[in-house]
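Chemist: okay, sequence plus prediction incoming.
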Amino acid sequence: ISQCQPIRSRWRGPIVLLVPSEAKSVTLHGYQNGADLAIAVPCDSRELVARVQALTRRGACLPS
């Protein structure tokens, strides 16, 4: 999670975290450090794809 800030400084695309479902503090820390989306695992792969597509469709953090 601490890697989000250095990545965010070089990457304008979405940052998606896959975190253990019981790790709420990890999710919060990820958002505070630049993540755009955190998904609890295990997760449905179709939901993961749909959420990433929604991020890109809204133009959230797309590379320019």
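Modeler: Now that the structure is in, tell me what you want to look at.
Chemist: identify the residue nearest the geometric centre of the chain.
Modeler: Val16 (2.1 Å; C-alpha atoms, centre = their mean).
Chemist: residue contacts, it?
Modeler: By C-beta atoms under 8 Å, 6 or more residues apart in numbering, Val16 lies in contact with 35-39, 51-52, 55. In short, each C-beta sits where N, CA and C put it, glycine included.
Chemist: isn't Leu55 right next to Leu37, touching?
Modeler: Yes. The pair formed by Leu55 and Leu37 meets the contact definition of C-beta atoms under 8 Å, at 6.1 Å.
Chemist: quickly list what's touching both of those two.
Modeler: 14, 16.
Chemist: this structure: strands as residue ranges?
Modeler: 16-20, 37-41 (DSSP state E).
Chemist: now do the helix or strand bottoming out on mean pLDDT in the chain: everything it contacts.
Modeler: The weakest-scoring helix or strand in the chain, judged by mean pLDDT, DSSP states H and E, is helix 4-10 (a mean of 83). Applying C-beta under 8 Å, 6+ apart, the contact partners of helix 4-10 are 15, 17, 30, 33-35.
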